[in-house]
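K.L.:
Need a 3D model of the following:
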Amino acid sequence: MLRVLFLIGLTVAATTRSSAQGADAIPFYVDQGTDWTATARADFYVRDQGSRLIALSWMQALKQRNGLPFLADGLSRYGYLPNPGNKASLPIGFHASGPEGFQIVGMTCSACHTRQIEFDGNMYRVDGGPGLVDFYALLGDLDRAVGDVLASDDSFAPFAAAVLHSENPDTADLEDLRRQVDRWYLRFHTLVVRALPKRGWGVGRLDAVGMIFNRLSGLDIGPPPDFMIPENIKTADAPVRYPFLWNAPRQDKTQWPGFAKNGSDILGLARNVGEVLGVFATFEPKRQGAVINFLNGNSTNFDGLSELENLVKRIGPPKWPWNIDAALAIRGKSNRHELPRPQ
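P.N.:
Okay, the predicted model is just below:
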């Protein structure tokens, strides 16, 4: 029972803030079972599931409206947690895939399902826990940053120089880059302006189901070349908190409405395919005669999804990180700083 109540108890007893989620202090990793090892954790943080959000070189060249690089703080301003092992300064749950110089930034499930809680000056890491992140703000700010770049030739020039590594890029290269960015922005901006509600979802909340349906019905199944059906995109205005992942593979149903069948590897794969499409996997099905080809033009990493499901199976429910007998002995004390230190 204490294991199950860990998050509730810590959240009540501790100071939990979105800023704590992005703090740089070395965390105390709570006990989540012998199967959950440091190697498994490191894999969970970066495993490529096929998400293809934006070119790394573009993201590195983008600016915030205050003039700082978009990646200046490693996205900690949105609550994402630092990953010291990432060479591209990307946080936990973000990865760069592809050959050097042509890498694409993608997301994996640990971006939204890793929790960090601050208590009495200590940071406690809960893998698979509901993240305190602001995905709404990230989407909106990324949309604005690319929109600002495309606003004029003057604003596009420094961006192109950074991406192409030349102050005077070849005209053909410049025009090709502009076409690529225009195409990316058309699809991303269409989703953002039609799907995001005027009021944010709130930190640690997301209408994932609405966004997945919007992505599939509005951006992926239309006619070439852009594959869009914009009128299918509806406001994603039913946000809920991110769920914890431990025991998820064993559940008979998933998603907050409980409509998605679950409980086997095949059903788990279907669940995870929906998840990766929701975080911008490339999906461009094409009709070939009487058959629709769903695999070509599909960046979903099925091997990666299978391995992520195996990793999730290894994440145990977190154990209360204090000596229980000592905690019970002083439970009448009101000062939270008098709780025992983690063992």
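
K.L.:
mind checking the SS state of the residue nearest to G204 when sequence neighbours are not counted?
P.N.:
Once flanking residues are discounted, G204 sits nearest to L132: 4.7 Å by C-beta to C-beta, 6 or more residues apart in numbering. (Glycine included, C-beta is placed from N, CA and C.) Secondary structure, DSSP: H, G, I helix; E, B strand; the rest coil: L132 is coil.

K.L.:
any idea which helix or strand carries V276?
P.N.:
helix 265-278 (DSSP states H and E).

K.L.:
And that helix, how far out from the chain middle?
P.N.:
Averaged C-alpha coordinates place helix 265-278 at 15 Å from its chain's average position (C-alpha atoms, centre = their mean, to the nearest Å).

K.L.:
which outside residues touch stretch 139-156?
P.N.:
Outside of stretch 139-156, the residues within contact range by C-beta atoms under 8 Å, 6 or more residues apart in numbering are 54, 58, 62-65, 70, 159, 178, 181-182, 184-185, 188-189, 192-193, 196.

K.L.:
Now with 10 Å, please.
P.N.:
Outside stretch 139-156, the residues that touch it by C-beta atoms under 10 Å, 6 or more residues apart in numbering are 53-54, 58-59, 61-65, 70, 75, 77-78, 134, 157-160, 163, 174, 177-178, 181-182, 184-185, 188-189, 191-193, 195-196, 200-201, 211, 280.

K.L.:
in the stretch 51-200 of the chain, which spans are helices?
P.N.:
Using DSSP state H, counting those that start in this stretch, the helices assigned to the stretch 51-200 of the chain run over residues 56-61, 135-149, 153-164, 171-195.

K.L.:
got the ones you listed as CSV, with mean neighbour count and mean pLDDT columns?
P.N.:
Below are the helices of the stretch 51-200 of the chain laid out as CSV (neighbours: other C-beta atoms under 10 Å; pLDDT from 0 to 100):
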stretch, mean neighbour count, mean pLDDT
helix 56-61, 21, 97
helix 135-149, 19, 98
helix 153-164, 16, 97
helix 171-195, 15, 97
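
K.L.:
All good on my end, thank you.
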